[in-house]
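Asker: Fold the following and give me the result.
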Amino acid sequence: MADPQELVAAAFGLGEPVGGLQPIQVSSYETWRLDTARGSYLVKRLWSGADPSWRQRHEISMELERRARQAGIATAVPVRPVEPAFGWAARVGAHGMWRAYEWV
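Answerer: Numbers count the residues shown, from 1 in each chain. Model (predicted):
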């Protein structure tokens, strides 16, 4: 079975990982830094397991992020998944729902 960093990198087309997931914080979301041959990324697990009842809130917030960027408001730059589950999120096997952003 592939390591989580390999699955996340593949889900977002980030290139080959050059190390493991480096923990950033655990609060509302688990977040890590992922370094790959193409660059560095912040990756975030939105949830594990089945979709929660509040999934739609994430879809709404992603639309708000998109509109903010179009309006010229500086926001973290999300990476579009290879196969989106919704918005900018991808299901990564048994590891749950994830997002990825360019490292700032």
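Asker: Name the next helix or strand following the helix-or-strand element of the chain with minimal mean pLDDT along the chain.
Answerer: Using mean pLDDT, DSSP states H and E, the weakest-scoring helix or strand in the chain turns out to be strand 22-26, at a mean of 86. Downstream of strand 22-26, the next assigned helix or strand under DSSP states H and E is strand 30-36.
Asker: picking that back up, now for the least confident helix or strand of the chain, which elements pack on it?
Answerer: Contacts defined by 3 or more CB pairs under 8 Å, 6 or more residues apart in numbering; DSSP states H and E place strand 22-26 against strand 30-36. Every C-beta, even on glycine, is put in place using the N, C-alpha and C of the backbone.
Asker: Mind listing residues that contact the strand it packs on?
Answerer: Here strand 30-36 makes contact (CB atoms under 8 Å, 6 or more residues apart in numbering) with 5, 8-9, 14-19, 21-25, 40-45, 100, 103.
Asker: mind listing which of those are in helices?
Answerer: If you go by DSSP state H, those have 5, 8, 9 in helices.
Asker: Include distance to residue 75 when you put these into a markdown table, please.
Answerer: Formatted as a markdown table, those follow (distance: CB to CB, whole Å):
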| residue | distance to residue 75 |
| --- | --- |
| 5 | 25 |
| 8 | 21 |
| 9 | 22 |
